[in-house]
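A.B. asks: I would like the atomic coordinates for the input below:
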Amino acid sequence: MSALLDDLKSRALQLAPSERDELIGALIESIDGQSEGTPEEIARAWDEEIARRIDDFEAGRTKGVPAEEVFAKIRALIDSHGK
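C.D. replies: Just a heads-up that it's a prediction; the model follows:
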């Protein structure tokens with residue numbers, strides 16, 4: 001880790017929680033761009049998506065994948081990128 005990053009992390013941790021929250025938002029926005037809705041709208045959209053996915057699963061329209069299989073695929077992807 002660079003000295004600048006170490007310094008920034010140390011200084012950021014001295015901020016009040018609300019200031020850290022604001023900083024996190026600014027950093028995420030600098031990477032992902034500005035969000036397309038308010039935090040409340042985004043949370044509501046996620047709640048609706050979660051409910052839809054649960055309904056699909058319970059109705060048999062989708063199926064689950066065992067965690068072991070998911071983690072094995074992730075490990076394989078990571079390994080293939082490391083070579």
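
A.B. asks: Which strand or helix spans the residue minimising distance to the centre of the chain?
C.D. replies: Centroid-nearest residue in the chain, with CA atoms, centre = their mean: residue 28, separated by 10.3 Å. Under the criterion DSSP states H and E, the helix or strand holding residue 28 is helix 17-32.

A.B. asks: and the helix or strand just after that helix with helix 17-32, angle?
C.D. replies: Moving toward the C-terminus from helix 17-32, the next helix or strand (DSSP H and E) is helix 39-58. On the basis of axes from the mean of the first three to the mean of the last three CA atoms, to 10 degrees, helix 39-58 is oriented at 70 degrees to helix 17-32.

A.B. asks: what comes into contact with the helix or strand that helix 39-58 is followed by?
C.D. replies: The helix or strand immediately downstream of helix 39-58 is helix 67-81, counting by DSSP H and E. Here helix 67-81 makes contact (CB atoms under 8 Å, 6 or more residues apart in numbering) with no residue beyond itself. Yep, even glycine has a C-beta here, placed from its N, CA and C like the rest.

A.B. asks: now the nearest residue to residue 29 once chain neighbours are set aside: how far from residue 63?
C.D. replies: Computed as CB to CB, 6 or more residues apart in numbering, the closest residue to residue 29 that is not its neighbour in sequence is residue 35, at 7.3 Å. Residue 35 is 32 Å from residue 63, where distance means CB to CB, to the nearest Å.

A.B. asks: More neighbours: these two, which one.
C.D. replies: Neighbour count, other CB atoms under 10 Å: between residue 35 and residue 63, residue 35 has more, with 12 against 7.

A.B. asks: Quick check: the more buried one vs residue 9, distance?
C.D. replies: 24 Å.

A.B. asks: Also residue 53?
C.D. replies: As judged by CB to CB, residue 53 and residue 9 stand 36 Å apart.

A.B. asks: Please apply the same query to residue 77.
C.D. replies: Distance, residue 77 to residue 9, by CB to CB: 29 Å.

A.B. asks: what does residue 58 give?
C.D. replies: Taking CB to CB as the criterion, residue 58 is separated from residue 9 by 43 Å.

A.B. asks: same question, residue 19
C.D. replies: 14 Å.

A.B. asks: This completes my enquiry, with thanks.
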